[in-house]
Every structure is written in C-alpha cells, then in structure tokens.
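Student: After the sequence you'll find the predicted model.
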Amino acid sequence: MNVLPVQLFDAESSTFTYILIAGDGKSAVIIDPVERHWERDLAHLARLGLELAYVLETHAHADHVTSAGKLRALTGARAAVPSGCGIAPAELQLGDGDIIGFGAHDQIAVLHTPGHTAGSVSYLWRGNAFSGDTLLIDGCGRTDFQGGSAAALHESVVGKLFALPDATRVWPGHDYKGQSVSSIGWEKRHNARLANRGKDDFVALMAALDLPKPRLIDIAVPANRNLGLPHGA
C-alpha cells in the first residue's frame with residue numbers, strides 16, 4: 001500500500017516536518033520536528049490517536065532548533081539520528097542500510113546521503129523518500145559547512161536517490177517556492193542543479209553560489225546536537 005505522510009510546515013525556516021502513520025493505525029514516527037511547533041505536532045498525534053514511537057532527524061540542522069528532545073521526554077519516543085552528525089544523546093545512531101521498525105509491520109530504510117552535511121541521511125518508507133536537505137524540489141541543499149561536500153552530494157543524489165524507482169515520491173526537508181512533493185523521475189529529468197549534470201560541473205556550480213551564513217547556525221547546530229535541549233538537560 002502506497003500511503004502519504006502528514007506534511008507540516010514552519011514558515012520561518014521553510015522547514016517541512018513529517019508524521020508517518022503505521023499501517024496498524026496506532027503508531028507513528030515524526031521526521032525533523034521544529035521546536036516552536038511541538039504543541040502543534042503533539043495535537044496532531046492526539047487527534048489521530050497515535051503513539052509516537054520515534055523522532056527522526058535527517059541531520060543537525062543549521063536554520064532551526066529541533067523539538068526532538070522535548071517530544072521524546074513528553075511521549076517516551078526514542079530519538080534516531082544519523083551517526084555522523086554528532087547528536088550524542090539519541091538512543092539510535094543510524095548508518096546506511098539500517099532499518100527502523102514501527103507499528104505492526106512498517107519499516108523505514110536509512111540511506112546515508114552525505115553532501116549537505118557529512119552525516120546527512122534520507123529515509124525510505126512505502127514508496128516515499130524523505131530527502132532532508134540532500135535533494136530539494138528543483139534544487140538541493142548547500143554544501144559549504146558542517147563537513148559538506150558538493151562532490152559527495154552529487155554522488156548521494158545520482159548514486160542513491162536517483163537509483164530509486166521513478167515513481168518514488170520525494171518529500172524534501174525545505175521548500176521556498178510553495179511546492180510540497182515531487183518524484184524521483186521528475187527530479188532526474190528536471191532538477192535545475194542536478195539533472196543531467198556531471199559531478200565536476202555540479203561542484204563548480206555549488207562553489208559559485210556564495211551564500212550568506214545561516215542566521216541561526218551558531219545557535220541551532222549546538223542545540224540540535226543535544227536534541228534541541230539546553231546542555232546539561
């Protein structure tokens with residue numbers, strides 16, 4: 001069965017948060033929650049009668065603070081994070097090929113997709129790819145901080161994400177143009193930065209972007225490495 005996630009949006013950072021509902025209708029996971037919306041997210045779970053099993057992060061975000069630690073404390077959910085992102089307090093440190101089970105039969109596959117950051121991952125569930133900042137709709141995440149690498153991002157997208165079936169839905173970590181979902185097939189053919197572009201050309205393109213430093217990076221990254229909680233909490 002190919003089902004859709006619940007997609008929620010933070011207008012300040014243009015971040016998407018996703019709630020995935022298990023086939024048993026009782027259990028859920030949440031991907032990339034934002035601190036200022038923890039009450040909203042809990043209200044969605046309560047409204048649908050769902051028990052939160054996991055809080056998943058795609059990477060240590062630089063543009064917002066996560067609510068992972070707060071949601072874990074309030075629900076008893078476990079935090080699952082990429083092993084290369086320095087998020088030590090999480091119960092699960094995820095590597096490429098790991099499987100997260102929730103509900104009666106649901107499974108989420110982990111793909112290590114570095115490039116935006118050294119530890120970035122994407123998640124696959126029921127024909128849906130949650131690509132974080134690795135692959136955006138008609139674009140991709142920047143590669144100039146937190147161990148980022150344009151060459152690694154190109155390899156992640158072309159070698160792993162574009163290798164998925166064309167019908168796979170792409171649910172990005174951000175969108176700045178009012179878009180919400182794409183497909184692997186569309187991105188392979190039309191993505192402005194990556195479609196039919198060789199690695200060397202892509203590396204040169206990313207090097208020429210000259211982007212400003214994220215406004216919250218010095219606050220967000222240290223906080224997110226502690227699941228969004230004050231240090232010592």
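Tutor: Thanks, I have it.

Student: Can you report how many residues lie near V65?
Tutor: Neighbour count of V65, defined by other Cβ atoms under 10 Å: 24. Glycine gets a C-beta too; all of them are placed from N, C-alpha and C.

Student: what pairs with the most centrally placed residue in the chain across the strands?
Tutor: With distances taken as Cα atoms, centre = their mean, G132 lies nearest the centre of the chain, 3.0 Å away. Per DSSP bridges, the residues bridged to G132 are P172.

Student: measure H105 to L205 for me?
Tutor: Relative to L205, H105 is positioned 42 Å away (Cβ to Cβ, to the nearest Å).

Student: So which of the two has more stuff around it?
Tutor: Each of H105 and L205 has its neighbours counted (other Cβ under 10 Å); L205 has more, 16 against 9.

Student: in the protein, which ranges drop under the pLDDT threshold?
Tutor: 1-2, 232-233 (pLDDT under 70).

Student: try it again with 90
Tutor: Where the chain drops to pLDDT under 90, the residues are 1-3, 84, 231-233.

Student: can you give me the offset of stretch 67-84 from its chain's centre?
Tutor: Its chain's C-alpha centre and that of stretch 67-84 lie 14 Å apart, by Cα atoms, centre = their mean, to the nearest Å.

Student: Where do the strands of the chain begin and end?
Tutor: Along the chain, the stretches classed as strands by DSSP state E are 6-10, 15-21, 27-31, 51-56, 78-82, 92-94, 99-102, 106-112, 121-125, 128-132, 169-172, 182-183.

Student: In CSV: those, plus distance to L209.
Tutor: As requested, the strands of the chain are exported to CSV (distance: least, Cβ to Cβ, whole Å):
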stretch, distance to L209
strand 6-10, 23
strand 15-21, 20
strand 27-31, 26
strand 51-56, 28
strand 78-82, 24
strand 92-94, 29
strand 99-102, 33
strand 106-112, 24
strand 121-125, 22
strand 128-132, 19
strand 169-172, 18
strand 182-183, 21
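
Student: closest one to T66 among the ones you listed?
Tutor: strand 51-56 (8.2 Å; Cβ to Cβ).

Student: Tell me what angle the closest one forms with strand 106-112.
Tutor: Taking axes from the mean of the first three to the mean of the last three Cα atoms, to 10 degrees, one finds strand 51-56 and strand 106-112 inclined to each other by 10 degrees.

Student: So which elements touch strand 51-56?
Tutor: Helices and strands touching strand 51-56, as assessed by 3 or more Cβ pairs under 8 Å, 6 or more residues apart in numbering; DSSP states H and E, comprise strand 27-31, helix 68-75, strand 78-82, strand 99-102.

Student: how about these, which one is nearest A118?
Tutor: strand 78-82 (9.0 Å).

Student: Out of the helices and strands packed on strand 51-56, which is closest to A220?
Tutor: Here helix 68-75 is closest among those (Cβ to Cβ), at 12.6 Å.

Student: could you check the angle strand 78-82 makes with that closest one?
Tutor: Going by the same axes, to 10 degrees, helix 68-75 is angled at 160 degrees with respect to strand 78-82.
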